[in-house]
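Colleague: structure of the sequence below:
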Amino acid sequence: MPKSTEPEDGSESDTDIFKIRTFYLFWPYIANPIYRSTNFIAPMKRSIRPLISIVMLVVLAATLSCRIAIRRRGVFTVSAEQESTRVLNQPLPIQNFNSTLLKFAATDLGEEKSKLEIEQLLEGNFASQGRYRTFATWRRFNHQDVKARKSNVLPVMLKSPKFYRYWLDFRRNLQDWARKKVFQPDIMMDLVRLVKVPIDSHNGLMSIDKKYKSCAVVGNSGILLDSDHGKLIDGHEVVIRLNNARTENFEKNVGSKTSISFVNSNILHRCAMREGCFCHPYGGNVPMVMYICQPVHFMDYLVCNSAHKAPLFITDPRFDMLCGRIVKYYSVKRFVEETGKPLDEWGSTHDGSMFHYSSGMQAVMLALGICDKVGVFGFGKSTSAKHHYHTNQKAELRLHDYEAEYAFYHDLVKNPQAIPFISDKFKFPAVVIYK
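Modeller: Numbering: from 1, shown residues only. Modelled structure (predicted):
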């Protein structure tokens, strides 16, 4: 992970959030000494020798002068082979990050609330979850006492035997998820093993530890309606779509191929209310990858996973934490640069503990880990375009900072070394943003 630095006087710089130091390679002077043999002296007339010496000195002086002038201007004329070698040997820019900004971005304001919620769920205290205590997933495991219903006694709700089997799985999954919720910058290099290998296995392919050649991450922005990217999107080896956005009647703009359905657990929670947990608009054989928004949604995962033919994967919580830190870093950096306000006022602007990355941002992060090339479509906005190409939603959610995420995408293309928290060992793939 890039190391943070502080000024020598111990102060922090709020204006210069980060500086990039670039080291340039210069071609060394090429001068080969001339060695004369003491055993051989060519005959030369005395009148010619001084003249030749003067000419040689003039030529040498002119050559050195030209090289010095060119070097000062930073201009070099080299062959294509030499230029290729120079670029390959040039060290990567060293990124200096503001340590105060990194520390603030690494602090999860909602951590204590999340821990309390998990503790209550593990104790079986679902009443603390408000509206989730009566949602459909739980009602399917309840039934009234028949004897009490036939008498004048108030009906008693009983749990079915199936509920307790799910309850044990729920506790185990939630405990494992909470235990893994730690920061690990190397997690990006494990995504092939965690996501790609099991998906390939489901598709009947031999599991190999290599990335997909190319991936398209298709967002839901209305700007797609002004494009004809459908064929370009479908031309990628893998196409990742977000939150069950439909493609029917939009194939010209968004394509029709779907390899991975990436959703948040709020989407799955709504699917759990349907008969058979129907949550696969792209076909029952398309794998789903989901990140957990609320720990109580693990029950949705358990119920729906058993009803799906295609596998349903939950993102590793270490990956979730990395995404959270990166998005908060860009949001706080943007807040300080644009408003000049102190860091502690950022929370009131972005709902503090409710602040979260978008599904699109994490889908892009997933593609970075499992693909050699990444094409990003439908990310961005326009005053003349709808918010979503497939819905009539008017406004953005406050818990996301889309402008900060756009800055992150810009760095992915132009300067990935400026992205914090990711291990230095990770090699970023080529990324193209399509408008």
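Colleague: now for the chain, the helix or strand with the poorest mean pLDDT.
Modeller: Using mean pLDDT, DSSP states H and E, helix 80-89 stands out as the lowest-scoring helix or strand of the chain, at a mean of 33.
Colleague: can you give the contact residues for the helix or strand harbouring Asp169?
Modeller: Applying DSSP states H and E as the criterion places Asp169 in helix 161-179. Outside of helix 161-179, the residues that reach it under the criterion C-beta atoms under 8 Å, 6 or more residues apart in numbering are 115, 118, 121-122, 124, 141-142, 292, 295, 298-299, 301-303, 314, 317. C-beta here means a position set from N, CA and C on the backbone, and glycine is covered the same way.
Colleague: repeat that for 6 Å
Modeller: Ile118, Leu122, Phe141, Pro295, Phe298, Met299, Leu302, Pro317 (C-beta atoms under 6 Å, 6 or more residues apart in numbering).
Colleague: for the last one, grab phi and psi.
Modeller: This points to Pro317. Dihedral angles of Pro317 (phi, psi; degrees, to the nearest 10) stand at phi -60, psi -20.
Colleague: hmm, it is touching Phe183, no?
Modeller: No: using C-beta atoms under 6 Å, Pro317 is not in contact with Phe183; the gap is 10.1 Å.
Colleague: returning to that earlier point: list buried residues within the contacts of helix 161-179.
Modeller: Buried members of the contacts of helix 161-179, scored by 16 or more other C-beta atoms under 10 Å, are Ile118, Phe141, Pro295, Phe298, Met299, Leu302, Pro317.
Colleague: quick one: mean pLDDT for the strand or helix carrying Leu101?
Modeller: Using DSSP H and E, the element containing Leu101 is helix 99-105. Mean per-residue pLDDT for helix 99-105: 93.
Colleague: likewise stretch 220-227?
Modeller: Here the average pLDDT along stretch 220-227 is 92.
Colleague: could you do stretch 113-129 as well?
Modeller: 81.
Colleague: ok, back up a step: farthest pair within the buried ones among the contacts of helix 161-179?
Modeller: Farthest pair in those (C-beta to C-beta) is Phe141 and Pro317. Separation: 26.2 Å.
Colleague: these two touch, right, Ser353 and Glu111?
Modeller: No: Ser353 lies out of contact with Glu111 (C-beta under 6 Å); the separation is 8.3 Å.
Colleague: buried residues, the helix holding Asp169. List them.
Modeller: For helix 161-179, by 16+ other C-beta under 10 Å, it's Phe163, Tyr166, Asp169, Phe170, Asn173, Leu174, Trp177, Ala178.
Colleague: how near is the second one to Ser331?
Modeller: So that's Tyr166. Distance, Tyr166 to Ser331, by C-beta to C-beta, to the nearest Å: 37 Å.
Colleague: quick one on the thing from earlier: closest to His229 out of the contacts of helix 161-179?
Modeller: Of the contacts of helix 161-179, the one sitting nearest to His229 (C-beta to C-beta) turns out to be Pro317, at 33.2 Å.
Colleague: find me the pLDDT at the closest one, would you?
Modeller: Note for Pro317: predicted pLDDT of 96.
Colleague: over to the one 3 residues further on?
Modeller: With respect to pLDDT, Asp320 scores 97.
Colleague: kindly report the same for Val303.
Modeller: Confidence score, pLDDT, at Val303: 84.
Colleague: in what helix or strand does it lie?
Modeller: In the assignment (DSSP H and E), Val303 maps to helix 298-307.
Colleague: tell me the buried residues in that helix?
Modeller: Phe298, Met299, Asp300, Tyr301, Leu302, Val303, Cys304, Asn305, Ala307.
Colleague: likewise for stretch 346-357?
Modeller: By neighbour count with 16+ other C-beta under 10 Å, stretch 346-357 contains the buried residues Trp346, Gly347, His350, Phe355, His356, Tyr357.
Colleague: check stretch 363-376 too.
Modeller: For stretch 363-376, using 16+ other C-beta under 10 Å, the buried residues are 363-371, 373-376.
Colleague: JSON lines please, covering those and showing pLDDT and distance to Lys213.
Modeller: Below are these laid out as JSON lines (pLDDT from 0 to 100; distance: C-beta to C-beta, whole Å):
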{"residue": "Ala363", "pLDDT": "98", "distance to Lys213": "18"}
{"residue": "Val364", "pLDDT": "98", "distance to Lys213": "17"}
{"residue": "Met365", "pLDDT": "98", "distance to Lys213": "19"}
{"residue": "Leu366", "pLDDT": "98", "distance to Lys213": "16"}
{"residue": "Ala367", "pLDDT": "98", "distance to Lys213": "12"}
{"residue": "Leu368", "pLDDT": "98", "distance to Lys213": "14"}
{"residue": "Gly369", "pLDDT": "98", "distance to Lys213": "14"}
{"residue": "Ile370", "pLDDT": "98", "distance to Lys213": "11"}
{"residue": "Cys371", "pLDDT": "98", "distance to Lys213": "8"}
{"residue": "Lys373", "pLDDT": "98", "distance to Lys213": "7"}
{"residue": "Val374", "pLDDT": "98", "distance to Lys213": "11"}
{"residue": "Gly375", "pLDDT": "98", "distance to Lys213": "12"}
{"residue": "Val376", "pLDDT": "98", "distance to Lys213": "16"}
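Colleague: let me know the closest of these to Leu242.
Modeller: If you rank the buried residues of stretch 363-376 by distance to Leu242 using C-beta to C-beta, Ala363 comes first, at 5.9 Å.
Colleague: show me what contacts the closest residue in space to that closest one that isn't next to it in sequence?
Modeller: Excluding its sequence neighbours, the residue lying closest to Ala363 (C-beta to C-beta, 6 or more residues apart in numbering) is Phe262, at 4.4 Å. Residues near Phe262 by C-beta under 6 Å, 6+ apart: Ile240, Leu242, Val289, Ala363.
Colleague: who does Phe262 form a beta bridge with?
Modeller: Phe262 has the following beta-bridge partners by DSSP bridges: Leu242, Val289.
Colleague: quick check: buried residues in stretch 249-259?
Modeller: Phe250, Asn253, Val254, Gly255, Lys257, Thr258, Ser259.
Colleague: pick out the most distant pair among the residues you listed.
Modeller: Maximum distance among those (C-beta to C-beta): 18.3 Å, for Asn253 and Ser259.
Colleague: many thanks, I have nothing further to ask.
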